Structures are given as C-alpha cells and as structure tokens.
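Participant: one predicted model, sequence on top.
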Amino acid sequence: MLTPKENFLETLKKDGKPDRLVNQYQPFVPIMNDPLQKFTRGNRVRGKTSVDRWGTEILFPEDAPGPMPHVTEANKVCPDVTRWQESVKVPDLIANCSDGWEDALSAASQVDRSEKLVLGFMGTGIFEQSHFLMGFEDALMNLLLEPESMQELVDAIAEYRFRYAKLLVDNLHPDIILSHDDWGSKQNVFLPPRVWRQIIKPLQKEIADTIHDCGMIYMHHADCICQPIVTDMVEIGVDIWQGTIAQNDIVEIQRVTEGKLAMVGGIDGPKVDIENITEEEIRAEVRRAIDTYCPGGRFYPSIPNGICFREWNNSIVMDELHSYGRKYAQEHPVGKYLG
C-alpha cells in the first residue's frame, strides 16, 4: 500500500496510479509555529480583539470559526487609496522574521517525509489584504474607480507576499505551500474577471513561480466560486485548488481544465455542518461528492474549508471518507479515471 504522501503524489499526476482516494489533509503536516506565523498572526486569540501588523482590527468571537477583520469608517487603515502611502505601513518581514526558525525546523524534523509532506502556510492573500485595509466595499469600488492607485497598493502587498514566500521556502523548505486568498462568494467571483485578470492574476503568477522555482507544490485556498477564472488558475500555475465548493459546476470545471487542475472539496459543508442532521444524511453527502466528482480524476473529496466545526459531524465525514472512499477505490481503480 502506498504511503499517504505517495498516494497523494500519484493522485496529483495526470497519469498517476493511486491505490485509494486521498482523505482530506491526511498527507500533510502543517507547520504553524514559524516566525512568519508568530509575527503576523500570533496575537489572534479566541474571545479577544486584536490589531494586526498592518493596523487592521481583528475580531475573534468565542463562537466564531475563526478570526475576521472589523473595518469601519472610524478605524480603516486606508481611508483614501489615492494617498495610501501616507497611511499604509507594510510590515517588515526581513527585520522581524529572518531569525527564530528553530521551533518550526524542530517540528518539521519530526515529520517522516517518506510518509507525509511538510506544509507551509501563507494567510491573507493579495485581494484579502486590500479589503482588510479599507473595507470590502471600498476595495471593490476602488479597483473599478481608482485602478492606478489600487494597482500601486496591491503591488506593494504582492511584494510583501513575495518576501513572505521567499522566507518560508528558504528557511522551512516545505514540500507544499498553501496560499490563502478568497476570490469570490458562494454566488460568484467578487471582481469582474477582466479586472481580476488585469490586477490580481499577474501578481499571483509571480508568487506561484516563486514557489515552483523552489521545487514546491502550490496549493491555493479559495472556498468560493472560482468557475469563471479556473482556466486562469491553470495558467497561473495553481497545482491544487483547495476549497472547491459544491456551488461550482465541478464536473464542468474538470472538463474545461482538461485534468490540469487538481481540486480539494466538493462536500457541501453548510449542508452537513449543522445541528439536527442524521448520520445517514452526512454520509449520503460524502458519497454524493465521491460518486459525482472522483470519476473526473485529480479530485480529493473534502469539506472545502477544511473541517466541520461540529466535532460529531466532522467525525462522521472523516469516517465516511475513509470507509466509502476505500470501497470506491477498490471498485473503481482510481488510476483509470485520470488523464
């Protein structure tokens, strides 16, 4: 039997021969205690309000799945994008994150790399950082009404991301990098595709090239609609789209991308991560995702945002992924569906 790492890499290949379905994050060991994480996100504590290194207020309510920006007219970092250089101070990663990698390297050294892949994480992507600084509405409007100033600002954010990626790969040497940037909602992409292609796409490709030049796999998280830009994601060099929600026509995406984009997701998280749902209803949704999307190849069934936040619900999802996923692979040799 292949190790989780071997099985994952075989599934990633267009002509690979995996012996079972990949079970969510089983092949990866995320390293979350590196200096970049500590510097940029270390003050985020459940139940507390904090301010990030860019100056954005971050809320983390007790009952929330994760932290979120809280941008108001009174506290927005960038109230006037045409004068962004006066208000936006880009955090100095080189000065603050070049040293202190001992904890992260120790954690990575404990990973048996014949069994698992070491995963490095890059949170808050280019588009996300822009709306963290000025609010969501202002970010969208400024991209349309003040494109030159917004281009200057996102260029500065992208340069910060390049430095982040370089520090991560030079010091941690992960096998795979998970980069975060939500480009849409559950209804559509946030930006008209032409605007996204003009402003975001070239910069995202540079980040992808930086990762690939170091021999690493690029996995992009966006748990949203990305269907209008999936061929662009292939052109950028996204190896894996993590967060593929069921509201996308995943079968059609598999067709138009011709097997060039691996995807992780497909299970309808909001449908199964609720109270008053039966075990069989959860299992049926997992089976639906496997039966519908796995025949297209290079597909990893998963909750798009990673896990169910209700522990019991998540345990059922994981059990069905393991039991039905293995049964499915035995009855439908996975390699037959790739390519």
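Facilitator: Here it is on my side, so go on. Numbers count the residues shown, from 1 in each chain.
Participant: mind checking the longest helix of this structure?
Facilitator: Counting residues, the longest helix in the chain under DSSP state H turns out to be helix 147-171.
Participant: buried stuff in it?
Facilitator: 149-150, 153-154, 157-158, 160-165, 167-169, 171 (16 or more other Cβ atoms under 10 Å). Yep, even glycine has a C-beta here, placed from its N, CA and C like the rest.
Participant: quick one: mean pLDDT for that helix?
Facilitator: Averaged over helix 147-171, pLDDT sits at 96.
Participant: so after it, what's the next helix or strand?
Facilitator: strand 176-180 (DSSP states H and E).
Participant: tell me what that next one is packed against?
Facilitator: The contact analysis (3 or more Cβ pairs under 8 Å, 6 or more residues apart in numbering; DSSP states H and E) places strand 176-180 against strand 117-122, helix 147-171, helix 201-213, strand 217-221.
Participant: the longest one vs helix 201-213, what angle?
Facilitator: Looking back up the chat, that one is helix 147-171. Going by axes from the mean of the first three to the mean of the last three Cα atoms, to 10 degrees, helix 147-171 is angled at 10 degrees with respect to helix 201-213.
Participant: could you give the separation of helix 147-171 from the chain centroid?
Facilitator: The chain centre lies 17 Å from the centre of helix 147-171; the measure is Cα atoms, centre = their mean, to the nearest Å.
Participant: just use 411 as the starting number from now, easier for me
Facilitator: With the count now opening at 411, the last piece we talked about shows up as helix 557-581.
Participant: relative to strand 527-532, how tilted is it?
Facilitator: Calculated by the same axes, to 10 degrees, helix 557-581 forms an angle of 150 degrees with strand 527-532.
Participant: so where's the stretch 561-710 of the chain shaky on pLDDT?
Facilitator: In the prediction, the stretch 561-710 of the chain carries no residues with pLDDT under 70.
Participant: rerun at 90
Facilitator: Applying pLDDT under 90 to the stretch 561-710 of the chain flags the ranges 669, 706-707, 710.
Participant: re earlier: and the buried residues of helix 557-581, which two are furthest apart?
Facilitator: Ser559 and Asn581 (33.7 Å; Cβ to Cβ).
Participant: can I get the CA coordinates of the helix or strand where Ala518 lies in PDB?
Facilitator: Element membership for Ala518, per DSSP H and E: helix 512-519. In PDB, the C-alpha atoms belonging to helix 512-519 read as follows (Å, rounded to 0.1, in the frame of the first residue of the first chain):
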ATOM      1  CA  GLU A 512      14.300  26.800  15.500                       C
ATOM      2  CA  ASP A 513      10.800  25.800  16.700                       C
ATOM      3  CA  ALA A 514       9.500  25.400  13.100                       C
ATOM      4  CA  LEU A 515      12.500  23.400  12.000                       C
ATOM      5  CA  SER A 516      12.200  21.200  15.000                       C
ATOM      6  CA  ALA A 517       8.600  20.500  14.200                       C
ATOM      7  CA  ALA A 518       9.400  19.800  10.500                       C
ATOM      8  CA  SER A 519      12.300  17.400  11.600                       C
END
